[in-house]
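J.: model the following, please.
(2 chains)
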Amino acid sequence: MSLLGAITLLPLGVALVLLAIPREEESLHRGIGLATTLLVFVLSLFLLPGLEPTQWNSVVDWAWVPSLGIHFKLAVDGISVFLVILTAFLTPIALLSSWSAVSKRVREFVITMLVLETGMLGAFAAVDLFVFYVFWEVMLIPMYFLIGIWGGDRRLYASIKFVLYTMVGSLLMLVAILYLYVKHHEVAQTWSFDYDDLRRLILSPHEQLACFIAFAAAFCIKVPLFPLHTWLPDAHVEAPTAGSVILAGVLLKFGTYGLLRFAMPLFPQAVELCAPVIAVLAVIGIIYGSLVAWVQTDVKKLIAYSSVAHLGMVVLGLMAWNGRGIDGAMLIMLAHGVSTGGLFLAIGVLYERRHTRRMDEFGGIASQMPGFAGVFLVIMLASVGLPGLAGFPGEFLTLLGSFDSYRTWRAAGVPAMFGAGSHPKLLTAFAATGVILSAVYLLWMFQKVMFGPNANPKNHGLRDLSVREWAVFAPILVGAFWLGLFPGTFLDRIDPAVTATIQQFHQKYAEAPESGVTPRLMGAARTTATGSTVGAVNGARLQPAGMAGGAQ
Amino acid sequence: METDFPLYLIPLLPLAGAAINLLVGKRISRGGVAAIACTSVAMAAVLGWKAAWLLFQSEPSAILTARFFDGDWIHATESHGIGSLHIQAGLLLDRLSAVMVLVITTVGFLIHLYSTAYMEEDKNFNRYFGYLNLFTGAMLILVLGDSLPVTFVGWEGVGLCSYLLIGFWFDKEANAYAGRKAFIVNRVGDFGFLLGMFLIFSATSTLSYRDLASQQSVVALHHVWFAKASIATVAGLLLFVGATGKSAQLPLYVWLPDAMAGPTPVSALIHAATMVTAGVYMIARLHFLFEIDPFVLAVIASVGALTALFAATIGITQKPIKKILAYSTVSQLGFMFIGVGTKAYDAGVFHLVTHAFFKAGLFLGAGSIMHALSGEEDVTKMGGLRAKMPITRWTFLVYCLAIAGIFPFAGFFSKDAILAGAWSFDVAEMPEWPHWLGHAIYFVGLSAAFMTAFYMFRAYFLVFHGEFRGDHHTWDHAHESPPAMTLPLVVLAIGSAALGFLGMPEAFHKDWNLFEQWLVPANFAPMVGEEHASTEWALMAVATVVAGAGIFLAYRLYYRGISPTAVAIKDALPRLYKVVFNKYWVDEIYDSSVVRPLRSLAFVLWKGVDALFIDLILVRGSAFVVDLVGRGVRYLQSGDVQRYMAAVLLGTAAIIAVSANWVACTGAPFDVEQHGADVTVRAHGMPSGPAARPLEFSFDFGDGTPPVKQSTPTVRHHYDVHGRRRLTVNVLDPRWDIRSSDSRTVVIP
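T.: All right, here's what the predicted structure looks like:
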């Protein structure tokens, strides 16, 4: 078993062991859970040395259901490896943060978190669509329990809403996966769910569109993209702190990761048609999420809406589909995991002390809890996208990429993308208002909670961060600075993988489905009516058009 | 110049000081905190002077470079259509940034020193010095950055420190609000800065200053974008939006007066001497870009002139001494923009330097006064303090003479250079602007200079002359400040008195303008169209007379306290006074035209769109429909085989019908142009330009002629019949097999 397999399955294995330990041993459960997740994090760092960003690394490949061509296949490349690490990074933090906040059903809580971790790691590492789907559903259930058991007052409503929303999308995706599976068999005469196999399948434009919409529905709900976002504020408000951290930090990234890994590379012709629409929705989400965040009274809800805005920025970068856009989107995903995860942790600290999250209950906390104020400030600024902290490099690259998306697409021979009727420069200008708006709502919240006179007597005597809480925040702060100051650590691996993904996309796009029989596999020999090979004709379109002088 | 000078230490030293003071400052004694803060800046200053000395010894175009770390800070590969992105964490010291570094570290050190006494009593001593050091480090990154993104790091970093220091005493809601306002208004400017960067990168594939200045990049920036605007026009205007935010120009100046909520040394350092000049620096740094379209320069100069006048009028009426100084700063920044906007870059930067000295001095003097009067700010409640505070008084007088532009104080030379530049501003290349633009800017600047002299001496006389107008308790308590505060005052006063001689006008002697000789040959093209010496003498004479008139007026009205004449003038113009005293209600206008509508919109989005439309109608509504349908179809489950068979048959028939006639109607809008019986039909709304793919159009004119089928969207037709005819356009997209059609009626006469 490769390192990746061990990392993925370890939490699940430990969860099974925990079942054998009596439930009264609460600290033992907590301790084992924390030790396991920490071990997973340390092990996950060993994926980095010698990583080949454009290859599958640390491959696990077990025949699972051979007759159906299902392989338990896990692997990471430069894109997924950091999402695996992010997951392994945030899970122990989430566990440690709930050390005293969760006091009922501790054993079940730890087991839920461990199963959730396996689900998340597996879904990021899966390179077989069946396995991906299984893990995708596996992580849904523990999240449902996290909200439904350890959540707030309206936890049932929120958990059911969360599950139903997600299920609608994932069922559509399942249908599309099966469709691909059958079509691939039609051409290749072998049954396979393997991502590398299915990626070579070229479908007709109509089929692509239908399958893309099915995949994109699942992922856009998860992101969540405006207007599919209303499950998120409810889920966050009701979820316990640990649940919110995982939900915002990791689960939302499955939406954007899925778009980048599956929905877009599999169906390039459909992307051509849909990307402008999704990009516009993403920009609406940025502005809409920011504005709605600004008028919230519940701090957690404010941060939930800020996630809609931040993830809108990620989707915008993905739709730009050039190196800068996708690199930036990846960086925002990581930064958002750290900064928004951190914001939820900070609110958790206040909630644990005061059992409220209403802004008007607070004020002047900074003089009461100076250490906490400093931590909260740094995390808040990382979320605002201050240069030098986590948010900036990603936002900068994303906006820069989206600004030029029209030119990069045109040079790659994809004319319709961001073409007539949608102006990427104008769209980017609207998206960049998010830079102003994020400062508006986050500074507003920070002032209401932390500044002003400490007038509410209930806030007198709140104690500053404990040693355990410092241990929770320390890695978040390190992450916030590291991502802002040395994004190269990540880009060195992300960028080659992204470049390869883009090139494969354009290669596939160039083998246009309208000039041949579909379905077929990429690279299959075929000729057009005039006798020349299509590959050669389309190959010419792959040539960069060179510097076009800066204007459209 | 190939040296391994550790340029990166210049910003890193203050940053390290900040880290120590913020992280462990609570455990260090106050003396230790102050020592760390002051030493780190002093060491940066020494390094800065050393680096400047290295430049001084070399040829004018010599530069020093360094990097914080090897490799790229941010990079992204592009495979199609555009260059890859590489941004290094690089620093660049040339003669322009050297001037800035010296101002920041020297004035910065003096203000650190002053603060050790001024903030002595504060319980958050370490936090204060941590922020102050952090600011110094960020400001040094801003001026040393070798590319726009690195500058942007400092640019936002100083904004952050400004936010933190304005709201330093955050226990008062108003201070926290002022800090937030400053950050957000600055972010509005940064929005322009970012878009400007994107546009420049899009055209040139680089953001580093040295590459941008290359021939190739400048050619790319010349590229006409739309109408007559080039890339450089739009990018220049966008960057200037950033400058108006940071440097408090119209219309984004509103945060600076409120910024006075912070400790006074902060106002001196950040909101007078250094941060607010960042916009001027940026324009001087990128002057080659702004010069591409003189239209942009004219905009900059005009905005600067208007701001100079506008803020000066407000300054006349203000009572708190820091507010007077704040509006004065806005006004003086306007002068600097006149300088850089009229291509008198050396004059603009020179005024930046002299202003840093006299305005920092004015603020520190104001701090010294407030220190003596237990925090009293209102000049109408002061008076006669010359007896109690001789050092503060004499230094304050020097600063006032300098800012008023009296020979031979520093402001005289720098302001004169700016006004001379405006007078000779060449508008020949700008057909859009009137030929008298330069002269108009000159007169506006002159009026502002008159008001400057007036309001500064109004403040000076009200504070130091006449009788004390506060309560005697405060008077008894008033005292001169300790040496740590007066020493910086004296040093700054010496600078304010003597610095002007670095930039003597050519009229005095051809080779005496040392400042111009330092900056211009290396950084800027030499000025063309220099004025004759006689004109220059005349301009200087006029400026001196105007400043003297301002001082004289202030003397008549305020020398012995607020004279009855001053009150009478105020009472004679009640409306005008009210408008100006209330700062033209600009804050209120912004609040009611931008902030409140946006917040209302946000409420509507939340309650209307989110809660009502999406959640209630769509989400719960679909649940309701599913529930309803479920209840409904329950009755279909009747167990009656005949009904089942009938349903199967109907279903089959429906499937056949639908699949045989599948038409996706998306509409095919078209225009009709009619001249009698001749019509021209033009279909539109189709993908056009590069997005176009071959579409098949079919036009049916409804007059019995066979439909015209073609692949172009335009067709002409002549009707041989009369009356109302139905005109139909069918469009087929072969790739998607989407058919759409639209029709309308035409009347043939």
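
J.: now A:Leu28: phi and psi?
T.: For A:Leu28, the backbone dihedrals (degrees, to the nearest 10) come out as phi -60, psi -40.

J.: next, count neighbours for it.
T.: Neighbourhood size, A:Leu28 [other C-beta atoms under 10 Å in any protein chain shown]: 15. (Glycine included, C-beta is placed from N, CA and C.)

J.: for A:Leu377, same thing?
T.: 16.

J.: if I look at it, how far off is A:Pro370?
T.: Distance, A:Leu377 to A:Pro370, by C-beta to C-beta, to the nearest Å: 10 Å.

J.: kindly report the same for A:Pro268.
T.: With distances taken as C-beta to C-beta, A:Pro268 is found 54 Å from A:Pro370.

J.: between these two, which one's more packed in?
T.: Between A:Pro268 and A:Pro370, A:Pro268 has the larger neighbour count (other C-beta under 10 Å), namely 24 against 15.

J.: need the three-state assignment for the closest residue to that one other than its chain neighbours.
T.: Excluding its sequence neighbours, the residue lying closest to A:Pro268 (C-beta to C-beta, 6 or more residues apart in numbering or on different chains) is A:Tyr509, at 3.9 Å. What DSSP: H, G, I helix; E, B strand; the rest coil gives for A:Tyr509 is helix.

J.: pLDDT value on A:Tyr509, please?
T.: At A:Tyr509, the model reports a pLDDT of 84.

J.: B:Ser593 now?
T.: pLDDT, B:Ser593: 85.

J.: could you do the one 10 residues further on as well?
T.: Reported pLDDT at B:Phe603 in the predicted model: 87.

J.: work out for me the element it sits within.
T.: Using DSSP states H and E, B:Phe603 maps to helix B:596-603.

J.: quick check, distance from the next helix or strand along the chain from that helix to the centre of its chain.
T.: Per DSSP H and E, the first helix or strand lying C-terminal to helix B:596-603 is helix B:621-633. Distance, stretch centre to chain centre, for helix B:621-633: 56 Å (C-alpha atoms, centre = their mean, to the nearest Å).

J.: beyond helix B:621-633, next helix or strand please.
T.: In N-to-C order, the element after helix B:621-633 by DSSP H and E is helix B:641-660.

J.: export that following helix as PDB, just CAs?
T.: As requested, the backbone C-alpha atoms of helix B:641-660 are provided in PDB (Å, rounded to 0.1, in the frame of the first residue of the first chain):
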ATOM      1  CA  VAL B 641     -55.300  -2.000 -15.900                       C
ATOM      2  CA  GLN B 642     -57.400  -0.300 -18.500                       C
ATOM      3  CA  ARG B 643     -56.300   3.100 -17.300                       C
ATOM      4  CA  TYR B 644     -52.700   2.000 -17.200                       C
ATOM      5  CA  MET B 645     -52.900   0.800 -20.800                       C
ATOM      6  CA  ALA B 646     -54.500   4.100 -21.800                       C
ATOM      7  CA  ALA B 647     -51.700   6.000 -20.100                       C
ATOM      8  CA  VAL B 648     -49.100   3.900 -21.800                       C
ATOM      9  CA  LEU B 649     -50.600   4.600 -25.200                       C
ATOM     10  CA  LEU B 650     -50.900   8.300 -24.600                       C
ATOM     11  CA  GLY B 651     -47.300   8.400 -23.400                       C
ATOM     12  CA  THR B 652     -46.000   6.600 -26.400                       C
ATOM     13  CA  ALA B 653     -47.900   9.000 -28.700                       C
ATOM     14  CA  ALA B 654     -46.500  12.000 -26.900                       C
ATOM     15  CA  ILE B 655     -42.900  10.700 -27.100                       C
ATOM     16  CA  ILE B 656     -43.200  10.200 -30.800                       C
ATOM     17  CA  ALA B 657     -44.800  13.600 -31.300                       C
ATOM     18  CA  VAL B 658     -42.200  15.400 -29.400                       C
ATOM     19  CA  SER B 659     -39.100  13.700 -30.800                       C
ATOM     20  CA  ALA B 660     -40.400  14.300 -34.400                       C
END
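
J.: pLDDT of it, averaged?
T.: Helix B:641-660 carries an average pLDDT of 82.

J.: close to chain A, is that helix?
T.: No: judged by C-beta under 8 Å from any C-beta of the partner chain, helix B:641-660 stays clear of chain A, getting no closer than 13.5 Å.

J.: check which residues of stretch B:476-487 are buried.
T.: For stretch B:476-487, the neighbour count (16 or more other C-beta atoms under 10 Å in any protein chain shown) marks B:Ala478, B:Glu480, B:Ser481, B:Met485, B:Thr486, B:Leu487 as buried.

J.: from start to finish, how long is that stretch in a straight line?
T.: Taking C-alpha to C-alpha, to the nearest Å, the first and last residues of stretch B:476-487 lie 24 Å apart.

J.: what lies in contact with it?
T.: Defining contact as C-beta atoms under 8 Å, 6 or more residues apart in numbering or on different chains, one finds that stretch B:476-487 is touched by B:113-114, B:116-118, B:364, B:367-368, B:371-374, B:385, B:388-392, B:395.

J.: now, of those residues, which are buried?
T.: Among the contacts of stretch B:476-487, those classed as buried by 16+ other C-beta under 10 Å are B:113-114, B:116-118, B:364, B:367-368, B:371-373, B:385, B:388-389, B:391-392, B:395.

J.: which residue packs closest to whichever residue of the stretch 501-650 of chain B sits closest to chain A, ignoring adjacent ones?
T.: Going by C-beta to the nearest C-beta, chain A is nearest to B:Ala602 of the stretch 501-650 of chain B, at 3.9 Å. Nearest residue to B:Ala602, sequence neighbours excluded (C-beta to C-beta, 6+ apart): A:Leu291, at 3.9 Å.

J.: then A:His423?
T.: Leaving aside its chain neighbours, A:His423 sits nearest to A:Tyr406 (8.0 Å; criterion: C-beta to C-beta, 6+ apart).

J.: verify the contact between that neighbour and A:Pro424 for me.
T.: Yes: assessed by C-beta atoms under 8 Å, A:Tyr406 is found in contact with A:Pro424 at 4.7 Å.
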